[in-house]
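Participant: Next input, structure requested:
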Amino acid sequence: MFRLNRLTDYAVVVMSQMAQRPDVTNSAHDIAADSGVPLPTVSKLLGTLARAGLMSSQRGASGGYVLSRAAEEITMAEIIQALEGPIALTACVDGAENSCDVESLCPMRGNWNRVNTAIHAALSSVTLADMSMAVPTFALRPKIAGDKLPPVTAGQLAET
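Facilitator: The predicted structure follows:
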């Protein structure tokens, strides 16, 4: 199973939280409180993301962190690479840190690059702004005073 690690998931959560208010300089405490991510994890992420150029830090009494660019200009590929390194599905993909011992004999040699390129392109096409959009929640039938039936949600409708 191809899965991002938890720290990468938290990075997207933290950056999405910051993208909601791009004009605000955020302290690590504020980000942790607003996102629900533990403070030590937020502190670690902020340092990593700042070193990767995705955030800027400002020192002083009114200091904190801001996104280095608009959320529309930061891609999921950039965030993943900041936390996980190059996007490489197998050891024989261009950009992989480790090479395969049988790479010269493998019939799949080079073919994984097509898959890797497609995944990289997909991750590059999704921005932080896309990920930060609030998912609307709504009830299809409002609850009326005295009504014995609860409102029907979109999830319940899908089950029928």
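Participant: quick one, longest helix in this structure?
Facilitator: Taking DSSP state H as the assignment, the helix of the chain that covers the most residues is helix 6-20.
Participant: who does the helix or strand just after it touch, helix- and strand-wise?
Facilitator: Helices and strands here follow DSSP states H and E; after helix 6-20, the next one along the chain is helix 28-35. Using 3 or more Cβ pairs under 8 Å, 6 or more residues apart in numbering; DSSP states H and E, the elements in contact with helix 28-35 are helix 6-20, helix 39-51, strand 64-67. Heads up, the C-betas are built off the backbone N, CA and C, glycines and all.
Participant: Identify each buried residue in the longest helix of the chain, please.
Facilitator: Of the residues in helix 6-20, those scored as buried under the neighbour-count criterion (16 or more other Cβ atoms under 10 Å) are 8, 10-19.
Participant: Quick check, pLDDT for residue 131.
Facilitator: With respect to pLDDT, residue 131 scores 92.
Participant: any chance of the helices and strands packed on helix 28-35 in a markdown table, with mean pLDDT and distance to residue 132 too?
Facilitator: Putting the helices and strands packed on helix 28-35 into a markdown table (pLDDT from 0 to 100; distance: least, Cβ to Cβ, whole Å) gives the following:
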| stretch | mean pLDDT | distance to residue 132 |
| --- | --- | --- |
| helix 6-20 | 94 | 4 |
| helix 39-51 | 96 | 15 |
| strand 64-67 | 94 | 10 |
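Participant: re earlier: nearest to residue 105, of the buried residues of helix 6-20?
Facilitator: Here the nearest of the buried residues of helix 6-20 to residue 105, counting by Cβ to Cβ, is residue 8; it sits at 33.2 Å.
Participant: Now the closest one: closest residue in space, sequence neighbours ignored.
Facilitator: residue 83 (4.3 Å; Cβ to Cβ, 6 or more residues apart in numbering).
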